[in-house]
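# Dropping the sequence and predicted coords here.
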Amino acid sequence: MFGIASARHRALLASGVMLVLLGMVGGVAFWRTHSDGSTLDVVEKRLAIVTDLDNARSYTLLSAAQLAAALFGDGSASLEGSFAEAGLIIEDSLDNARSGLAAMGNEAEAAQLDGIIAQVDGWQAQTDSFASMGAVSPEEKLRMGQHYVPALWPQFRDTMGQLAALSEDQETRLVAETADAEQAVDKSLAVIAGLTAIAFLTAVGTLTLVFSVVRPLRALEQVASAVAEGDLDTRAKTDGPEEVATLAKAFNVMVEERQRAEEALKRLAATDSLTGLYNHRSLHDILDREIQRSVMNGRPLAIVMMDVDGFKLFNDTYGHQEGDRLLKQVADVLRSRFDDNVVVGRCGGDEFMAVLPGTDRDAAAQYSADLLEALSHERMRPHRGGDLPIMLSIGVAVCPDDSKHKEELVAYADASLFEAQQLSGNTLVITHRDPVDGFNKQRTAFGVLDALVRTVDRKDRYTRRHSQQNAEYAVALGKAIGLSEGAVNALRIGGLLHDVGKIGVPDDILKKPGALTDEEMQIMRDHVVLSNLIVHGVPNLQDVSDAVYSHHERWDGKGYPRGLKGEEIPLSGRIMALVDAYSAMILDRPYRKALSHEESVAEMRANAGIQFDPYLVEPFLGLIETEAQAVA
C-alpha cells in the first residue's frame, strides 16, 4: 500500500507527465494540420466528382448537338462519327463520378447516378441506331429527325435534369467542405496557441491541487486510523476542497452508521428479544456490579424474583403466540411500576427479576405489593377466551442482610419465590418470613384433612383462599339465620373441606385456563363424590358430609351429583352452595377474571329461586353489603 508521501510523489510525477503529454499533443496537432490531408482529400475527391459530372453533361449536350446537326443540317455531317468520341467520354466521366461517390460513402447519390447512367445508356442505344444506317439522303434524314427527335426529347430532358441536379448537389457539398477545410486550418493554429497556454496553466494548477489535497487527506488518514483502532467518537474535518470535504462527510456518515450498528448490537445482546427487558446474562452482570457497590457503600440492595402463575397451562391452552403476548403485557406492567433506578429483566421462560439498588426489605415489600395491586387491574384477553387474571408469585431477598454473594442471594430469592408458588398464587414471600397459616395444626382427624387440603392447594392455588372464605361466609350466614353452635361449627369445617376431593382431579383439568370439555367437566364434578368419601372416612366428621356432598346441588334440581331439588337439599348444602358461588365470583380463577361486587350481587339476585334458596339470598346479601360498607 502506498502512503500519503507516495501519493504526493505520484502527483508530482503525474504533473510532469502531463506537461510532456501536452507538448506532444501540441506537436501532433501542428503536424496533423500540415501533413494530414484528410480534409483536403475530401475536397479533392468531391472536386473530381463535380468535374466528371460536368464533363458528362457537356459531352451529352455535344452529342445531342451533333445529332441535331446531322439530321437537320446540310447533309454533309456523318451520323456514324457523330457519337463515337463523345460516347466514350460520357461513359468514362459517369463511371469515374460513380466510383468517387461510392468511395466517399455517398451510397444514395451513387444509386441515383446508377439510374442516370442506365438512362444515358438507353438514350445512347437509340441514337447509335442512326450511326448504323450509313449514308442517307437529306430528305430521309429530315424525315428521321422529325420522327425520332420528338420521341427522344422527353427522355433526354429528364436525364439531363437529373444529372444537373446531382452535379449542383455535389457542387454545394464542395463549397461546404472547402469552407470546413479552411476552418480546420484556422482551428489548428488556434489549438497550437491554446495548448501552449493550457500546458502552462495545467502545470501551475496541478502543483496547487497536489498541496491542497494532500493536507486534508493526511488528516483524513489519521481519523481513519483512529476509527480502525476502535475510536468511533472521532470525526473528520469537512473543510478543504469540495471533493475532499464530500469524502470526509461520507466517511463521517459511515462512522456514525457503524456506531449506531454497534450500539444496536449491544442492545440486542443485552436485552430479551420478546419483551425488550434485560436478558439473563445482562441481569447477572448488573447484579454483580450492584452487589459490589452495595457492600462498598453499605447501602442495601434488594432483588425481586417473579414468576407468572399458571403460565404453562395458559400456553398449552391458548398457544405460544398468546403466551408471548401475556409475557409482553407483564413486561409492560413491570416497566411502568419500577422507576429508572431499578433494573428489570426476564430471566427465562415466565420468570422475571428486578434489581433495586438502595432498597431495604420494607421498601422492596412495598414495591412488590404495589406491583401485585397493579396486576390485579390487568386483563388478558386471549382470542379464544374471556377476560383472564394475570397473577405473579414473588420472592424477595436483600443484600447484605441475607447474603453478600450473588449466588446465595439469588438462591434465597428463589427459595422465597418457590414458597410463594406453593401458596395461593398472587403471593409475596420475603426471605426468612414464614407465611401465615390460618389452619389449626393440632394432631386430630381434622389435621389429617388439613394435610390433604394443603396437598390440593399445591395443585390449585385458588383452593386455600376459596375454602377459608367459604368457611367465614358460611359461619356468618349460619349465625344470622339462628343455627345452633354445632351446626355453625359443621358449616365452618364443611367450608374448609368442601373441595378436598380435588386431590383426585388431574392438574391439566384443575388449572386449565379455559372452558372444560364435557368429559373434563364430568371429571371435575366427580370431586364432590370424592370429597364426601374422604370426609366420611374420617371419624367424627359425618355431620359435615351434608355440606360437602350437597354444595353443588341447585334449587331447581339441575345440580349434581344427586339432582336434589328445593328443600330436598340439606340446609347446610344450600348455605354452602350460596357462599361457594359468591366466593367463586369474587376471586380470580384461571379461566376468568373476578367479577366486581356489584356484578356478583346482581348475579346472586338473578339466580334466587333458580340456583339458590330464595329464602337465603337476601340475608346473605345483607351480610355482604354490611361488610362492604365497613370496608369502605
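That came through fine. Numbers count the residues shown, from 1 in each chain.

# residue ranges of the strands in the stretch 351-500 of the chain, please?
351-357, 392-399, 428-430 (DSSP state E, counting those that start in this stretch).

# Let me know the angle separating the second one from strand 351-357.
Comparing the axes of strand 392-399 and strand 351-357 via axes from the mean of the first three to the mean of the last three CA atoms, to 10 degrees yields an angle of 40 degrees.

# For strand 392-399, name the packing helices and strands.
Judged by 3 or more CB pairs under 8 Å, 6 or more residues apart in numbering; DSSP states H and E, the packing partners of strand 392-399 are helix 280-297, strand 301-308, helix 361-376, helix 406-422, strand 428-430. No exception for glycine: its C-beta is placed from N, CA and C like everyone else's.

# To Asp518, which of the ones you listed lies closest?
Of all the helices and strands packed on strand 392-399, strand 301-308 sits nearest to Asp518, with 29.3 Å by CB to CB.

# Sort out which residues of that closest one are buried, please.
Using 16 or more other CB atoms under 10 Å as the test for burial, strand 301-308 gives Leu301, Ala302, Ile303, Val304, Met305, Met306, Asp307, Val308.

# Note down every partner strand of that strand and its orientation.
strand 351-357 (antiparallel), strand 392-399 (antiparallel) (DSSP bridges).

# Can you show me the CA trace of the last one as CSV?
Spelled out, it's strand 392-399. Extracted in CSV, the C-alpha atoms of strand 392-399 (Å, rounded to 0.1, in the frame of the first residue of the first chain):
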residue,chain,number,x,y,z
LEU,A,392,-47.5,-13.4,39.9
SER,A,393,-45.7,-15.2,42.7
ILE,A,394,-43.0,-13.0,44.1
GLY,A,395,-39.9,-13.8,46.3
VAL,A,396,-37.6,-11.1,47.8
ALA,A,397,-34.1,-11.2,49.2
VAL,A,398,-31.9,-8.3,50.4
CYS,A,399,-28.1,-7.7,50.4
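
# What mean pLDDT does it get?
For strand 392-399, the mean per-residue pLDDT is 90.

# tell me the angle that strand makes with helix 361-376.
Strand 392-399 and helix 361-376 meet at an angle of 160 degrees, taking the same axes, to 10 degrees as the criterion.

# Kindly report the same for the shortest one.
With the same axes, to 10 degrees applied, the angle from strand 351-357 to helix 361-376 works out at 140 degrees.

# quick check: angle from strand 351-357 to helix 406-422?
Going by the same axes, to 10 degrees, strand 351-357 makes 130 degrees with helix 406-422.

# Residues contacting strand 351-357, please?
Residues from elsewhere that reach strand 351-357 (CB atoms under 8 Å, 6 or more residues apart in numbering): 277, 283, 286-287, 290, 293-294, 299, 301-308, 330-331, 334, 338, 341-347, 363-364, 367, 413.

# Return the most buried member of the helices and strands packed on strand 392-399.
Here the criterion is mean neighbour count by mean count of other CB atoms under 10 Å, and of these the winner is strand 301-308, at a mean of 26.

# Could you check the angle that strand makes with helix 280-297?
Going by the same axes, to 10 degrees, strand 301-308 makes 150 degrees with helix 280-297.

# Correct me if wrong, but Arg562 is in a strand.
No. Going by DSSP: H, G, I helix; E, B strand; the rest coil, the assignment for Arg562 is coil, not a strand.

# Was I right to think it contacts Glu553?
Yes. Contact criterion CB atoms under 8 Å: Arg562 and Glu553 qualify, at 6.8 Å.

# Between these two, which has more neighbouring residues?
Glu553 (26 against 16; other CB atoms under 10 Å).
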